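Trainee: Next one to model:
(one chain, ligands or ions: 1)
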Amino acid sequence: MVLLIGIDDTDSRQGRCTTHLAYRIVDFLFSNGYEVEEYPFLARLNPNIPWKTRGNGAVCIKVKADMESREGEHVMQIVKEMVESNSMLGYGANPGIVFLGRCKNIEPIVRFANDALWRVMSIRGAIKVIEECKNYDSSIEYYAMGNGQGIVGALASIGLASSMLDDYTFEVIAYRRQEMCGLPRLVDEASVMMMDKATHPYTFNNYDYKHARVLITPHGPDPVLFGIRGDDPCILLDALSMLKVHEPLEGYMLFRSNQGTNAHLANMLDASNLKAYTSGYIQGRVASEPLAIEGGHTFFALECYGNNGYGSGDEDGYGKGNVLCAVYEPTGLSPIAQALSIGDVLEVGGGVRKGTSKHPKVLNVEYIKVVDLARKVRYMNPLCICGKRLKSEGKGKGYGCKKCGYRVRDAEKVDVEVARDLRLGLYLPDAKAHRHLTKPLHRYGIKPGCMRLDIDWFNNNSRFTR
Ligand code: ATP
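Mentor: Numbering: from 1, shown residues only. This next block holds a predicted model:
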């Protein structure tokens, strides 16, 4: 029998981290003789939810235990106590725990999880799914603290961990000792670059060479020292051993995850009825010349077609059928957006920003796929027989050549195709602007790696201290 434990919303901007709590729970389970079935699953949910703390992460742990046995009850009791005492309750955390034991039909939970990747889900909706599961004779329980919002992520993490995902990745997360939290992270930058080069393409988003920036270390007071993401758990452990770390570690743990898979952008949005905070993609033709504003941000309108319907923009003054797309400077995609022209055919992925009295509803762009380029022409004077371009001799007087003297009365201006400063293809933000779920370019076409349980995937001592 397996007991699935979903946990979310234990941290706040002031500190702590749900993955660290999961690490501590796994530590407790191992040291009390329980068998953890596989690496915990780190679920990243809709990144456009406004009440997330950072990356909208939730964790699911699978432990070998019968939920209805004394063992199962012991595990649940300890997990509840650990969540309660290790959460930032009162500082913005609203923890939720879901325990799932015997389950006759996981489908409602999987469906809920897939929706939580791109939609806004309610606490009531989560509880309804839990009650529905009980009707299927499943053993399922939930605990909500604070305003109860954590139930959404806790349930969704169980759904994703139980799904046959088409794609997934892994992350090894190393944790700091408590006394180090809040101090600068002592990870040697050169060793991060070296590790990146040695393990590419099996690890990703380690270092942003364009901006000379380490990407594996977060910046807040939380206990995460660094996280290395990739496709092969063994290579992740190699990568970890390549880093020069000048502070003691509390330990590390490997997670399986939907990070780096674009799972939040898999659905086509209904452009005629864009809902605030949803994530997905739209397809259509560029309907306005791109507008660059101060700060390097660029806006353009996309006239959507196909399943998108038409929509959103008319009341905002962008013309009926158009969705206003916003490309922000930090993404590095502004030059691409500025090279667009009316008529270009695109697929654009991103999250819907709520409209306000000052700003219209917009799609914050996370990728641009240029599917077709419009022909761009300039009207020019015709060419002379000698190859030079003719000059106009005045209205209705025809054209003459300054070089050879050739004159022609009834010539007209001609279309001359202008070379486009843009190619067909997929354009992603710079690595530093990637969200946890952004699929890096090199991962397109890659098959998910294997979870190996015969490796040192959990480590609670400091043997990587140097
Ligand atoms: P961290 O990444 O540091 O763990 P976080 O960014 O995950 O933090 P949380 O503190 O967990 O942020 O807050 C996210 C909250 O949003 C949780 O309560 C979670 O249950 C909820 N949530 C997640 N996805 C959705 C969704 N699709 N609709 C509604 N609520 C959601």
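Trainee: Get me the contact residues on the stretch 51-200 of the chain for the ligand.
Mentor: 51-57, 94, 96, 116, 119-121, 149-150, 152-153 (CB under 6 Å from any ligand atom). (Glycine included, C-beta is placed from N, CA and C.)
Trainee: Which members of those are positioned in strands?
Mentor: Among these, the ones falling in strands (DSSP state E) are 57, 96.
Trainee: Out of the residues of the stretch 51-200 of the chain next to the ligand, name the ones that lie in helices.
Mentor: Among these, DSSP state H puts 116, 150, 152-153 in helices.
Trainee: low-scoring pLDDT stretches of the stretch 101-250 of the chain, where are they?
Mentor: Applying pLDDT under 70 to the stretch 101-250 of the chain picks out no residues at all.
Trainee: Can you show me the helices along it?
Mentor: All helices of the stretch 101-250 of the chain, identified by DSSP state H, counting those that start in this stretch, fall at 107-116, 123-135, 150-161, 189-199, 233-242.
Trainee: Go through the protein and flag its longest helix.
Mentor: Assigned via DSSP H, the chain shows its longest helix as helix 70-85.
Trainee: Now do it against helix 150-161, angle only.
Mentor: 130 degrees (axes from the mean of the first three to the mean of the last three CA atoms, to 10 degrees).
Trainee: Which residues does helix 70-85 contact?
Mentor: 1, 3, 5, 7, 10, 21, 24-25, 28-29, 34, 63, 65-67, 95, 97, 99, 101, 141, 143, 145 (CB atoms under 8 Å, 6 or more residues apart in numbering).
Trainee: if you set the cut-off to 6 Å instead, what comes out?
Mentor: Applying CB atoms under 6 Å, 6 or more residues apart in numbering, the contact partners of helix 70-85 are 3, 5, 25, 65-66, 95, 97, 99, 143.
Trainee: Could you give the average pLDDT over it?
Mentor: Regarding helix 70-85, the rounded mean pLDDT is 94.
Trainee: which residues does the closest residue to the ligand within the stretch 251-400 of the chain contact?
Mentor: The ligand sits closest to Tyr277 of the stretch 251-400 of the chain, with a gap of 7.9 Å, by CB to the nearest ligand atom. By CB under 6 Å, 6+ apart, the residues touching Tyr277 are 48, 120.
Trainee: So what does it have for phi and psi?
Mentor: Backbone torsions of Tyr277, given as degrees, to the nearest 10, read phi 70, psi 10.
Trainee: and it, how far is that from Val323?
Mentor: 15 Å (CB to CB, to the nearest Å).
Trainee: for Gly349, helix, strand, or coil?
Mentor: Classification of Gly349 using DSSP: H, G, I helix; E, B strand; the rest coil returns strand.
Trainee: tell me the pLDDT at it?
Mentor: In this model, Gly349 is scored at 97, pLDDT.
Trainee: My guess is it contacts Ser279. True?
Mentor: No. Using CB atoms under 6 Å as the test, Gly349 is too far from Ser279 to be in contact (7.9 Å).
Trainee: any residues in contact with both of these two?
Mentor: With CB under 6 Å, 6+ apart as the test, Gly349 and Ser279 both reach Leu265.
Trainee: And the helices in the stretch 251-400 of the chain, which stretches?
Mentor: 334-338.
Trainee: So which of the helices of the stretch 101-250 of the chain is the most surrounded?
Mentor: Scoring those by mean neighbour count under mean count of other CB atoms under 10 Å gives helix 150-161 as the most buried, with a mean of 30.
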